[in-house]
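Asks: Structure, please.
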Amino acid sequence: MNDRFGISWRPELAAGVFSNQHRLDVVEVIADDYFDASRKEIDALRTLRTQLPIVLHGIKLGLASAAEADRTLLDKMARLVDLVEPDFWSEHLAFVRGGGIEIGHLAAPPRCSSTVDGARRNIRSAESVVGAKLLMENIATLIDPPGSDRSELEWICEILAASRCDLLLDLHNVHANSQNFGFDAADFIRRVPGKSIAAIHIAGGRWIGRAAQKRLLDDHLHDVPDAVFDLLEVAAECATRPLTVILERDGHYPPFDDLLGELERARTAVAKGRRMREVLNVTCV
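Replies: Here you go, the predicted model:
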């Protein structure tokens with residue numbers, strides 16, 4: 001399979017990206033950063049697109065909600081997709097506003113029938129407005145959402161089936177939730193429909209709190225832990241299609257060679273998972 005490996009685009013990493021294009025297959029750009037961009041900024045993004053394939057990643061649409069998605073933001077996403085022509089675009093299985101109040105971060109909604117139905121409606125509306133299918137990403141959470149009547153896995157699978165969208169599987173988010181709420185992360189991945197996994201995020205985080213209150217925070221400021229590379233092997237065993245694997249880093253940037261080293265570990269993990277699938281005839285959901 002023609003799996004691809006790339007990195008999240010950040011201005012602080014620009015020099016490293018342009019100096020190492022031969023070692024990157026793709027870059028992921030935060031779409032919201034360009035919703036109100038000038039022509040000059042859009043032209044710079046389109047120039048980047050001539051050097052490396054681009055995928056767009058949204059953070060403010062809040063599609064996994066019983067409330068309707070913000071049409072103004074959808075129109076901005078549609079304009080950006082039209083101008084940049086990314087390979088694909090993605091958003092989160094999260095909500096970011098309620099009752100007209102912006103909460104300022106990605107939050108896990110109650111995992112119930114109303115948010116499944118709301119996500120289905122919002123995803124179809126978003127795809128209709130933007131004119132392109134999107135991928136939805138699982139998120140990390142520090143609390144089990146109140147009002148839930150099903151597991152995270154059941155909720156995600158219901159949304160994927162109802163909306164017929166594909167999954168951007170964030171492995172550190174799975175790892176963090178498994179540590180915080182006591183489930184088997186590898187089993188979680190094996191129970192996600194393998195045909196739905198189209199892209200993967202890898203990242204790092206840190207422990208916060210003390211003793212029984214400790215939680216693993218997904219902060220994108222640290223190296224990818226060994227456990228996430230192990231989960232990447234599992235995901236590669238289960239995925240039935242080519243994967244786009246993106247390394248996310250939002251700060252505390254190490255030398256760019258260190259980030260390239262993490263991408264090489266990702267390549268190795270995916271290759272190992274693919275071989276295991278062939279040798280063992282792995283069957284996931």
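Asks: what's the weakest-modelled helix or strand in the chain?
Replies: In the chain, no helix or strand scores lower on mean pLDDT, DSSP states H and E than strand 101-107, which sits at a mean of 73.
Asks: Centre of the chain to whatever helix or strand comes next after that strand, how far?
Replies: Per DSSP states H and E, strand 101-107 leads on to helix 113-130 as the next helix or strand towards the C-terminus. Centroid separation for helix 113-130 versus its chain: 18 Å, with Cα atoms, centre = their mean, to the nearest Å.
Asks: so what does the next helix or strand after helix 113-130 touch, helix or strand wise?
Replies: Downstream of helix 113-130, the first helix or strand assigned by DSSP H and E is strand 134-137. Where contact means 3 or more Cβ pairs under 8 Å, 6 or more residues apart in numbering; DSSP states H and E, strand 134-137 is packed against strand 89-92, helix 113-130, helix 152-163, strand 166-170, strand 197-202. Heads up, the C-betas are built off the backbone N, CA and C, glycines and all.
Asks: now the last one and strand 166-170, what's the angle there?
Replies: Inter-element angle recorded for strand 197-202 and strand 166-170: 20 degrees (by axes from the mean of the first three to the mean of the last three Cα atoms, to 10 degrees).
Asks: Quick check: next helix or strand after strand 197-202?
Replies: Next helix or strand after strand 197-202 toward the C-terminus (DSSP H and E): strand 206-208.
Asks: what's the average pLDDT for stretch 133-141?
Replies: For stretch 133-141, the per-residue pLDDT values average out at 96.
Asks: ok, and for that stretch, which residues are buried?
Replies: Neighbour-count burial for stretch 133-141, with 16 or more other Cβ atoms under 10 Å as criterion, is recorded at Leu134, Leu135, Met136, Glu137, Asn138, Ile139, Ala140, Thr141.
Asks: List phi and psi for the residue lying closest to Asp184 once chain neighbours are set aside.
Replies: Of all residues not flanking Asp184 in the chain, Ser178 sits nearest, at 6.7 Å (Cβ to Cβ, 6 or more residues apart in numbering). When read as degrees, to the nearest 10, the backbone of Ser178 gives phi -70, psi -40.
Asks: same check, this time on Asn20
Replies: Dihedral angles (degrees, to the nearest 10) for Asn20: phi -130, psi 30.
Asks: I'd say it and Leu259 touch.
Replies: No - in this structure Asn20 lies outside contact range of Leu259 using Cβ atoms under 8 Å: 9.1 Å.
Asks: ok, those two, which is more surrounded?
Replies: Set Asn20 next to Leu259 and count neighbours by other Cβ atoms under 10 Å: Leu259 wins out with 22 against 16.
Asks: Pass me the low-pLDDT residue ranges in this protein, would you?
Replies: Along the chain, segments meeting pLDDT under 70 span 1, 98-99, 101, 103-104, 282-285.
Asks: Could you pull out the strands in it for me?
Replies: Secondary structure of the chain (DSSP state E): strands at 4-8, 26-30, 54-57, 89-92, 95-98, 101-107, 134-137, 166-170, 197-202, 206-208, 215-217, 244-247.
Asks: is it possible to export the ones you listed to CSV including distance to Ser128?
Replies: Formatted as CSV, the strands of the chain follow (distance: least, Cβ to Cβ, whole Å):
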stretch, distance to Ser128
strand 4-8, 27
strand 26-30, 23
strand 54-57, 17
strand 89-92, 14
strand 95-98, 20
strand 101-107, 23
strand 134-137, 11
strand 166-170, 17
strand 197-202, 20
strand 206-208, 39
strand 215-217, 35
strand 244-247, 24
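Asks: Good, wrapping up.
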